[in-house]
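Novice: Have a look at this fold, sequence not included:
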């Protein structure tokens, strides 16, 4: 416990130091992005706007907007269009969360009741649609150069959700399917954010491609750590109940690897899928006992190293260093 507390304290100190650097470089840009997000979440008709604002105001890491801004800053002053696209990246992310909570019957998000629990599924879906409309309108108006890439990314987001949804009807415990879902549902938006920032800043094609690889690998690492935290995180810190993904029927990598080691777990997994809470506790404990989360974190660390290698073609500077530090912190987080 003392070692874990010391790790959390050191991580917190690193994050504070890094955020001080970020604000020194991008403070005005970040403030503008937050202000515009707040405005757009309230632009439209109630109760869809109430639902959207509830999720936005619950907080969040804002990693995707920061990725856009830092990617652009690697090539000089951040252009106004990149600030707009940073807003777009978060709007798309928030929209997917509103939709995901409906699909997953989500109960909590960021430590609060989900929007669907307060306003209902229909309103939550419409709130997500509203944010997507804002995102597409903003991109078409100020950054048409990245619009087609955004369309392709949205298609991948939908495809990933469909593949994951299919798994509820028929269990598929292959790692191949798991990584297909992660790359489409999570990594694709990170990759778009990084590419868009570089494109709008006038980066050469090789650098834009490198940023895309960086974003994709960071997205995979981010999801791997998130999946490990489902079995070992502190709900008071993560804002998410322990075994929440398991309860929603999601086959994440820790569970897939635990099943590979103990195939008899499949019976309990099937029981969880029909609402057996005792089976969920047994499966959760079995995953923890199997020690697979350490391997998942190691895989996240390896993805992060590949992400950092991709950055080497970018110009040296504070922005590139901050992109690298953010990637490292996401992979190392304990909450």
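Specialist: That came through fine. Since we're looking at a predicted model, the values are computed, not measured.
Novice: what sits against residue 78?
Specialist: Each residue near residue 78 by Cβ atoms under 8 Å, 6 or more residues apart in numbering is listed here: 26, 29, 69, 72, 201. Placement of C-beta: from N, CA and C, glycine included.
Novice: Which of those has the largest number of neighbours?
Specialist: Neighbour counts for the contacts of residue 78 (other Cβ atoms under 10 Å) peak at residue 72, which has 30 neighbours.
Novice: Now for that residue: which residues touch it?
Specialist: Contact analysis of residue 72 by Cβ under 8 Å, 6+ apart lists 78, 79, 82, 197, 198, 200, 201.
Novice: Sketch out the low-pLDDT regions of the stretch 101-250 of the chain for me.
Specialist: Where the stretch 101-250 of the chain drops to pLDDT under 70, the residues are 233-243.
Novice: Strands of the stretch 1-150 of the chain, residue ranges please.
Specialist: Applying DSSP state E, counting those that start in this stretch to the stretch 1-150 of the chain gives strands spanning 108-109, 112-113.
Novice: How far off centre is the last one?
Specialist: Right, strand 112-113. How far strand 112-113 lies from its chain's middle: 18 Å, per Cα atoms, centre = their mean, to the nearest Å.
Novice: Tell me the helices and strands packed up against it.
Specialist: Contacting strand 112-113 under the criterion 3 or more Cβ pairs under 8 Å, 6 or more residues apart in numbering; DSSP states H and E is no other helix or strand.
Novice: when you give positions from now on, start the count at 30
Specialist: Yes, from this point I'll number from 30; that puts the last item at strand 141-142.
Novice: partners of it, with directions?
Specialist: Take DSSP bridges as the rule and strand 141-142 pairs in its sheet with strand 137-138 (antiparallel).
Novice: Which member of the contacts of residue 107 is positioned nearest residue 127?
Specialist: residue 98 (23.7 Å; Cβ to Cβ).
Novice: for the closest residue to residue 295 other than its chain neighbours, what are its contacts?
Specialist: Nearest residue to residue 295 in three dimensions, chain neighbours excluded: residue 288, at 6.0 Å (Cβ to Cβ, 6 or more residues apart in numbering). If a contact means Cβ under 8 Å, 6+ apart, then residue 288 has 202, 294, 295, 298 as its contacts.
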